[in-house]
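**Student:** Below are the sequence and a predicted model for it; my questions follow.
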Amino acid sequence: MILHVVEASYERDYIIRLRFNDGAEGYVDLADELYGEMFEPLKDPEKFRVFRVDPELNTIVWHNGADLAPEFLHDRLLVPFHTSIPPERA
């Protein structure tokens, strides 16, 4: 299956909530990934938070042309942890 980002929203700091076409969803923290000519400007939180899902690239892109491959994002996905105990185990 070719991965596509289908939904993305800014959460806080350098954290983005993502949903993929394979049903996976969660958060990615990109604080340690913002290096190099294209990504250095995104260390400015105001610039970082302005992105969109590009329908042709099927991933998130920023106004300066920076983008990250869906596979890269999927590999770094932090799935939300649910602390509730399922009813059958309670």
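**Tutor:** Thanks, I have it. Values in this document were obtained by computation on a predicted structure and should not be read as measured data. Numbers count the residues shown, from 1 in each chain.

**Student:** rest of the way, CA atoms for contacts and neighbours
**Tutor:** Fine.

**Student:** In the sheet, which strands lie alongside the longest strand along the chain, parallel or antiparallel?
**Tutor:** Determined from DSSP state E, the single longest strand within the chain is strand 5-12. Strand 5-12 has these partner strands in its sheet, going by DSSP bridges: strand 15-20 (antiparallel).

**Student:** Output the partner strand as CSV, nothing but the C-alphas.
**Tutor:** Extracted in CSV, the C-alpha atoms of strand 15-20 (Å, rounded to 0.1, in the frame of the first residue of the first chain):
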residue,chain,number,x,y,z
ILE,A,15,3.8,18.4,17.1
ILE,A,16,1.4,17.5,14.3
ARG,A,17,-1.6,15.2,14.5
LEU,A,18,-1.8,13.0,11.4
ARG,A,19,-4.2,10.4,9.9
PHE,A,20,-3.1,8.1,7.1
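
**Student:** So what's the gap between it and the chain middle?
**Tutor:** 4 Å (Cα atoms, centre = their mean, to the nearest Å).

**Student:** before we move on, what about stretch 37-56?
**Tutor:** Here the centre of stretch 37-56 is set off from its chain's centre by 11 Å, with Cα atoms, centre = their mean.

**Student:** what's the answer for stretch 32-44, then?
**Tutor:** Worked out by Cα atoms, centre = their mean, stretch 32-44 lies 15 Å from the chain centre.

**Student:** First-to-last residue distance for that stretch?
**Tutor:** One end of stretch 32-44 to the other measures 13 Å (Cα to Cα, to the nearest Å).

**Student:** Repeat that for stretch 12-30.
**Tutor:** With Cα to Cα applied, stretch 12-30 spans 11 Å between its terminal residues.

**Student:** Tell me which residues of it come out buried.
**Tutor:** Going by neighbour count (16 or more other Cα atoms under 10 Å), the buried part of stretch 12-30 is 14-20, 25-29.

**Student:** Where do the strands of the protein begin and end?
**Tutor:** Taking DSSP E, the strands of the chain run over residues 5-12, 15-20, 25-29, 51-54, 59-62.
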